[in-house]
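K.L.:
sequence first, then the predicted structure:
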Amino acid sequence: MAAVTGLCACQRPAGSPGQPSTTNTIAGTLGRQLHARLESYEQQGFSGSVLVAVRGDVVLHAGYGFADLENRKRNEAETLYEMASITKTLTAAAILQLESDGKLATTDRISRFLGNFPPPKDRATVHHLATHTAGLVVEGTDLYSGPDRDRFLADVKRVPAESPPGERYRYTNAGYALLAAIVESAAGEPFEQYLRRVFLQPAGMNTAGFLPDIPDTDPRRARQYAASPEGPVASASEPYGWGNRGATGLVAGVGDVYRWVRALDEGKVLGASARKKMFTRWSEESYGWHSDTAHGRLRRHKGGGLRHGATQILWFPDDRVIIVWASNNVQKKWRQELNRSLTDIVFQGVAGVPPPSIGR
């Protein structure tokens, strides 16, 4: 197993609450190698922020490209982005914390919290939802996505089941929206309020929040750009309702997400048994995460994708390596190249190799 190279003692992400950091961290040989690669990607259109930490030291925390193309405002280290499905890691953690507090069991049928469901949906459990195996919603079904939780639940109950609970894996945002509703029922408080109190504040995620409390117009946020044949096109956030609550909606900087991973890793949030359940591979996924191995290394990862942005956590717990990036321009698809390249540089010390061009 190749060693991690080019380390030094480095600062952790900083910045006063509510304000993005304007100072990049580029530390040691490894930080310079990573920065050089990302600068070359910036020349090809990459726009976003990246944080890489090794053994508790931040070796890179920097912004690239533009938060606002039209006004040439650059992305900074702590610019805020829609984190998309990374939100699911918080939703799953909320379920596990409520289980630890005795307010639910993941073996509970969801009808305990959300009312009666028709068969075969009535056999679905909290665990089925968390592992995308509930089979409640036919893929592509048009469900109510506005602010009325009861209307959303009625739609989920009404549409045909895709498969019996526990029979097959099918990734679904609607399942995590149902988990958010269960959190509200079990906790007795609004979903976002519970997450702020139990996770965001203890983890030190001081600039993080949720749509619509941090709207597109917030000056701390990057504008978002979807792809088109003519080039990147400014794009607004989707309405935040019960079609995506619990599945998406977190707005944060990469430093906030790093603090979240550190809080999980260090046991600041969730007890040991809850963390073990979270990272067990129950189906294609764990609870809100993918857990697998890459080149013989244990890897936990979660990515998010929107029509105007992309996000990623790559966490190698045994090696104490955490990589977080977010992009606000998807004119080019960067996920595979960034994930491969950043990981290679960290573990192999690859540097100075011209990157390939990345097509649409």
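P.N.:
Done, it's in.

K.L.:
for stretch 94-110, buried residues please.
P.N.:
Buried residues in stretch 94-110, counting neighbours by 16 or more other C-beta atoms under 10 Å, are found at Ala94, Ile95, Leu96, Gln97, Leu98, Glu99, Lys103, Leu104, Thr106, Arg109, Ile110. Using the backbone N, CA and C atoms, a C-beta is placed for each residue, glycine as well.

K.L.:
so who does the second one touch?
P.N.:
With contacts taken as C-beta atoms under 8 Å, 6 or more residues apart in numbering, Ile95 has the following neighbours: Leu104, Thr106, Val126, Ala130, Leu179, Ile182, Val183, Tyr287.

K.L.:
and those residues as JSON lines, adding distance to Ala222 and pLDDT?
P.N.:
Shown next, in JSON lines, are the contacts of Ile95 (distance: C-beta to C-beta, whole Å; pLDDT from 0 to 100):
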{"residue": "Leu104", "distance to Ala222": "36", "pLDDT": "98"}
{"residue": "Thr106", "distance to Ala222": "36", "pLDDT": "98"}
{"residue": "Val126", "distance to Ala222": "35", "pLDDT": "98"}
{"residue": "Ala130", "distance to Ala222": "30", "pLDDT": "98"}
{"residue": "Leu179", "distance to Ala222": "28", "pLDDT": "98"}
{"residue": "Ile182", "distance to Ala222": "32", "pLDDT": "98"}
{"residue": "Val183", "distance to Ala222": "28", "pLDDT": "98"}
{"residue": "Tyr287", "distance to Ala222": "29", "pLDDT": "97"}
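
K.L.:
and the buried residues of stretch 94-110, which of them are in helices?
P.N.:
If you go by DSSP state H, the buried residues of stretch 94-110 have Ala94, Ile95, Leu96, Gln97, Leu98, Glu99 in helices.

K.L.:
what is the nearest of the residues you listed to Arg223?
P.N.:
Arg223 lies nearest to Ala94 out of those, by C-beta to C-beta, at 29.9 Å.

K.L.:
return the set of residues that bridge with the closest residue in space to Leu34 that isn't next to it in sequence.
P.N.:
Computed as C-beta to C-beta, 6 or more residues apart in numbering, the closest residue to Leu34 that is not its neighbour in sequence is Leu60, at 4.6 Å. For Leu60, the beta-bridge partners under DSSP bridges are Ile26, Val52.

K.L.:
quick one, what contacts the residue most central in space within the chain?
P.N.:
For the chain, the residue nearest the mean C-alpha position is Ile86 (1.4 Å; C-alpha atoms, centre = their mean). By C-beta under 8 Å, 6+ apart, Ile86 lies in contact with Leu250, Val257, Lys302, Gly303, Gly304, Thr311, Ile313.

K.L.:
now do the buried residues in stretch 216-234.
P.N.:
Residues Asp216, Arg220, Arg221, Ala222, Arg223, Gln224, Tyr225, Ala226, Ala227, Pro232, Val233 are the ones in stretch 216-234 that count as buried (16+ other C-beta under 10 Å).

K.L.:
now do the helices in this protein.
P.N.:
28-43, 87-100, 111-114, 126-130, 149-158, 173-187, 191-195, 201-203, 254-265, 272-279, 335-348.

K.L.:
can those go into CSV with extra columns for distance to Gly246?
P.N.:
Shown next, in CSV, are the helices of the chain (distance: least, C-beta to C-beta, whole Å):
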stretch, distance to Gly246
helix 28-43, 32
helix 87-100, 4
helix 111-114, 13
helix 126-130, 10
helix 149-158, 11
helix 173-187, 3
helix 191-195, 7
helix 201-203, 18
helix 254-265, 16
helix 272-279, 16
helix 335-348, 23
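
K.L.:
quick check: closest non-adjacent residue to Phe284.
P.N.:
Not quite, residue 284 is Glu, not Phe. In space, and not counting its chain neighbours, Glu284 is closest to Tyr169: 4.6 Å by C-beta to C-beta, 6+ apart.

K.L.:
wait, that neighbour sits on Thr133?
P.N.:
Yes - Tyr169 lies in contact with Thr133 (C-beta atoms under 8 Å); the separation is 5.6 Å.

K.L.:
more neighbours, those two?
P.N.:
Neighbours were counted for Tyr169 and for Thr133 using other C-beta atoms under 10 Å; Thr133 has more, 24 against 14.

K.L.:
can you name the residues that contact that one?
P.N.:
Thr133 neighbours (C-beta under 8 Å, 6+ apart): Pro165, Gly166, Glu167, Arg168, Tyr169, Arg170, Trp282, Ser283.

K.L.:
now restrict these to buried residues only.
P.N.:
Pro165, Gly166, Arg170, Trp282, Ser283.

K.L.:
can you put these in TSV and add distance to Leu298?
P.N.:
Output for these, formatted as TSV (distance: C-beta to C-beta, whole Å):
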residue	distance to Leu298
Pro165	29
Gly166	27
Arg170	26
Trp282	16
Ser283	18
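
K.L.:
save those residues as JSON lines, and put in pLDDT too.
P.N.:
JSON lines is the format used below for the buried ones among the contacts of Thr133 (pLDDT from 0 to 100):
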{"residue": "Pro165", "pLDDT": "97"}
{"residue": "Gly166", "pLDDT": "96"}
{"residue": "Arg170", "pLDDT": "94"}
{"residue": "Trp282", "pLDDT": "93"}
{"residue": "Ser283", "pLDDT": "89"}
